[in-house]
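Engineer: fold the following for me, if possible:
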Amino acid sequence: MNCIIIDHENHCIESLSTLLETEFGEVAIMATCSDSTEAFNLIQQQRPDFIFLDIEIPQLNGFELLAKFEHLDFDVIFTTANDSCAIKAIKFSALDYLLKPINKEDLTVAIEKIKNKLISISPAQLQMATAVFNQQLPDTIALPAADGLTFVSIDDIVYCMADSGNTRLFMADKSEILITKLLGDVDDLLDEYDFFRIHHSSLINLTQVEKYMRDEGGEVIMNNGHNLLVARTRKADFLNVFTRF
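Structural biologist: Numbering: from 1, shown residues only. Down below sits the predicted model:
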């Protein structure tokens, strides 16, 4: 398998190259570079099977670089330092990534995904990631399900419920979608939208609340007719937010 490493930091290129050369003999490094202009030309000329792509590179960021290609006929392993904006963009669009400094265990998983054709990126995911990275709020989110990705309109989510290590979405059209993400991870992704964690097991769309019923903790009636309990410890914060709607 042939790859190109694109990273704005030389020491990151060197450490990843060493790791690949010593531990992954099936991977050949065709070239390395540190800026988007050179990267674009190299990819077109050498046609790698996949690339390691740092998101924070000069000229164009990693997402913008990929957008220049009419067709992505190569796989992409994103790499990033602990940059909350970049990581949120990747998670929001359900893309794979490696956190720098890259270790052997995580790299092994990524290489296996490349071998088994489990890493892919669609134009919709790329557009979504670019928007989030530029601190825009898309109206759609990509979420992993057992049989692939599902793209969901955020406004149509009535509420989310924890479900045995997964999360079940209850939609405005009365359908349900089971996704392979923890509720806490969904909460993190939607923290800039009108969602509130009323209970450790439930996250609601505040715009989909039909009525609040006072009690020890309280209860909300959602627009789909479902009743959900508000935890006593979250009642005050919920009322503070809910009164704005």
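Engineer: can you give me the neighbour number for residue 176?
Structural biologist: For residue 176, the neighbour count with other C-beta atoms under 10 Å is 10. (Glycine included, C-beta is placed from N, CA and C.)
Engineer: when you give positions from now on, start the count at 3
Structural biologist: Understood, numbering begins at 3; the last thing we discussed is residue 178.
Engineer: what about it, distance to residue 150?
Structural biologist: According to C-beta to C-beta, to the nearest Å, residue 178 and residue 150 sit 17 Å apart.
Engineer: contacts for the least confident helix or strand in the chain by mean pLDDT, please.
Structural biologist: None of the helices or strands of the chain scores lower by mean pLDDT, DSSP states H and E than helix 86-94, at a mean of 88. With contacts defined as C-beta atoms under 8 Å, 6 or more residues apart in numbering, helix 86-94 is touched by 57-58, 65, 80, 82, 98-99, 101, 130-132, 134-135, 137, 140, 143-144, 187, 190-191.
Engineer: could you do stretch 72-84 as well?
Structural biologist: 9, 14, 18, 45, 49-58, 64, 68, 88-89, 92, 97-102, 104, 112, 116, 119, 121-123.
Engineer: distance between the ends of it?
Structural biologist: End-to-end distance for stretch 72-84: 30 Å, by C-alpha to C-alpha, to the nearest Å.
Engineer: sorry, back to before: sitting in strands, which of the contacts of stretch 72-84 do you find?
Structural biologist: Using DSSP state E, the members of the contacts of stretch 72-84 that fall within strands are 52, 53, 54, 55, 56, 99, 100, 101.
Engineer: need the residues you listed in a markdown table (columns: pLDDT, distance to residue 25 and neighbour count).
Structural biologist: Listed next are the ones in strands among the contacts of stretch 72-84 as a markdown table, based on pLDDT from 0 to 100; distance: C-beta to C-beta, whole Å; neighbours: other C-beta atoms under 10 Å:
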| residue | pLDDT | distance to residue 25 | neighbour count |
| --- | --- | --- | --- |
| 52 | 95 | 16 | 19 |
| 53 | 96 | 19 | 26 |
| 54 | 96 | 14 | 25 |
| 55 | 96 | 20 | 24 |
| 56 | 94 | 20 | 26 |
| 99 | 92 | 19 | 20 |
| 100 | 93 | 14 | 17 |
| 101 | 92 | 18 | 14 |
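Engineer: re earlier: restricted to buried residues, select the contacts of helix 86-94 in PyMOL.
Structural biologist: Buried subset of the contacts of helix 86-94, written as a PyMOL selection, criterion 16 or more other C-beta atoms under 10 Å:
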select buried, resi 57+58+65+80+82+98+99+130+131+132+134+135+140+143+144+191
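Engineer: among the contacts of helix 86-94, which lie within helices?
Structural biologist: 65, 130, 131, 132, 134, 135, 187, 190, 191 (DSSP state H).
Engineer: look up how far residue 185 lies from the last one.
Structural biologist: It stands for residue 191. In terms of C-beta to C-beta, residue 191 sits 11 Å off from residue 185.
Engineer: what's the longest helix in the protein?
Structural biologist: If you go by DSSP H, the chain has its longest helix at helix 12-25.
Engineer: list the buried residues for that helix?
Structural biologist: For helix 12-25, by 16+ other C-beta under 10 Å, it's 14, 15, 18, 21, 22.
Engineer: the helix or strand just after it pairs with which strands, parallel or anti?
Structural biologist: Using DSSP states H and E, the next helix or strand after helix 12-25 towards the C-terminus is strand 30-35. Paired with strand 30-35 in the same sheet, following DSSP bridges, are strand 4-8 (parallel).
Engineer: what sits up against the partner strand?
Structural biologist: Contacts of strand 4-8 (C-beta under 8 Å, 6+ apart): 15, 18-19, 22, 29-36, 38, 41, 44-45, 48, 50-56, 59, 64, 67.
Engineer: what angle do that strand and strand 52-56 make?
Structural biologist: 10 degrees (axes from the mean of the first three to the mean of the last three C-alpha atoms, to 10 degrees).
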